[in-house]
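> Task: produce atomic coordinates for the following.
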Amino acid sequence: MNKLRLSAAPTSRIKQILLGLLTLAALLMGLALMGTYLARWAWIFELVSHLRVHLVVGLVGIAVLFLLFGQWSMAGVTALVGLIGFTSLAPFYFSSKWVGADQGAVVYRALALNVHYHNDAYDEVLALVEAVSPDFVVLSEATQPWRDGMLPLLSEYPYTHFVGYGKHGRIIYSRFPFVENGTGRVEDGERPSVVATLDLGVSQITIVGLHIRAPVKLEGAAQRNRQMASLAQFVQEQSQPIMLLGDFNITPWSPVFRDFLAEADLVDARLGHGLTPTWPTSLPLAGVPIDHAVVSPGIKIHDFQRGPHVGSDHFPIIVDFSLPAQ
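Numbering: from 1, shown residues only. Predicted coordinates:
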């Protein structure tokens, strides 16, 4: 009997330690998740907000572990906090407002990729474009070597427009001609956005290829906000349908991103298509969705998907869409 008591004691202590660690993890994750709702007022909370999916998944996992330990009340509280966080993610999986094909609509395809200026997998990107067969392609971090490496695209995509310098180069390749005087740039600091208005025959669309500053420091966040303000003002001045594509360095549930969409009157093309992460490629399931396509409300999104790894630290995004009837 004494031996049984002695063997049970260490087991009980280990259980108490594990429950203590689970409680601490739940508390820290719960506080971090609640902090993301203060992101509008503090840069550090806005930075943490990009991990909202990770925090929700972590809290759900901890709730399951509490159940296994028989801690029903702790499991319920932890799951409830996770559910609060999930409410902001649910529209990306269950929204149908912007999803689906209109009968008889002409469907166009766009491909966008941050190629990463150190990457030299030119053949892989060329093969991707051939396999996907988009109507236009937007590349960021398009250095001169990348422009040289993509020269074979010109046979299928003869209309091109390039802005920027060094790793801040942006380029659009199009099968469709540009309208007269339909190219330009959005002046937003050291990261100009490339702009081209495409003549699709029966309609036109303005394409903006961009790469927003990463907000890893307070100064970077301030510049990011100025860039997005410049872009929102540019969008407001346009009269034709518009699509912005590229590396936004921001997740969809950041209040900065939501404010940008509201100010520019744009719609996130991801709605209803999930939150597949696009960066970094080294964490294909645990990364963050920072590469986006946002569009005028009249544009119908038929599909939004992530492309394969092609050497960059970003995955490409592929968007199928149709324009509003003329």
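> Tell me the bridge partners for Pro196.
Small correction: residue 196 is Ala, not Pro. Note on Ala196: beta-bridge partners Thr183, Ile207, judged by DSSP bridges.
> list the contacts for it?
159, 161, 172, 174, 178, 182-184, 206-207 (CB atoms under 8 Å, 6 or more residues apart in numbering). All C-beta spots, glycine's among them, are computed from the backbone N, C-alpha and C.
> Most neighbours of all the residues you listed, which one?
If you count neighbours using other CB atoms under 10 Å, the busiest of the contacts of Ala196 is Ile172, which has 27 neighbours.
> those helices in the stretch 51-200 of the chain, which residues are they?
52-68, 72-86, 91-94, 122-132, 144-149 (DSSP state H, counting those that start in this stretch).
> if we can go back for a sec, and the contacts of Ala196 as a markdown table, adding pLDDT and distance to Leu55?
Below are the contacts of Ala196 laid out as a markdown table (pLDDT from 0 to 100; distance: CB to CB, whole Å):
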| residue | pLDDT | distance to Leu55 |
| --- | --- | --- |
| Tyr159 | 97 | 44 |
| His161 | 95 | 40 |
| Ile172 | 97 | 36 |
| Ser174 | 98 | 40 |
| Phe178 | 96 | 44 |
| Gly182 | 81 | 44 |
| Thr183 | 86 | 42 |
| Gly184 | 86 | 40 |
| Thr206 | 97 | 37 |
| Ile207 | 97 | 35 |
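> Which one of the helices of the stretch 51-200 of the chain lies nearest to Ser296?
helix 91-94 (18.8 Å; CB to CB).
> List the contacts of that closest one.
Here helix 91-94 makes contact (CB under 8 Å, 6+ apart) with 252, 270-275.
> Just the CA coordinates for it, please, in PDB.
The C-alpha coordinates for helix 91-94 follow below in PDB (Å, rounded to 0.1, in the frame of the first residue of the first chain):
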ATOM      1  CA  PRO A  91     -15.800  35.000 -43.300                       C
ATOM      2  CA  PHE A  92     -12.700  33.900 -45.200                       C
ATOM      3  CA  TYR A  93     -14.000  30.300 -45.100                       C
ATOM      4  CA  PHE A  94     -17.800  30.700 -45.100                       C
END
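> Pull the distance from that helix to the chain's centre.
14 Å (CA atoms, centre = their mean, to the nearest Å).
> Which pair of the contacts of helix 91-94 spans the longest distance?
Of all pairs in the contacts of helix 91-94, the most separated under CB to CB is Pro252 and Gly272 at 12.2 Å.
> Between these two, point out the one with more neighbours.
Neighbour comparison, Pro252 and Gly272: the larger count goes to Pro252, with 23 against 18 (by other CB under 10 Å).
> For the more buried one, give its distance to Gly184.
Distance, Pro252 to Gly184, using CB to CB, to the nearest Å: 27 Å.
> what does Ser133 give?
Distance, Ser133 to Gly184, by CB to CB: 27 Å.
> try Ala26
51 Å.
> Could you do Trp41 as well?
35 Å.
> Enumerate every residue touching Gln240.
Shown in contact with Gln240 (CB under 8 Å, 6+ apart): 197, 203-206.
> Alright, I will stop here.
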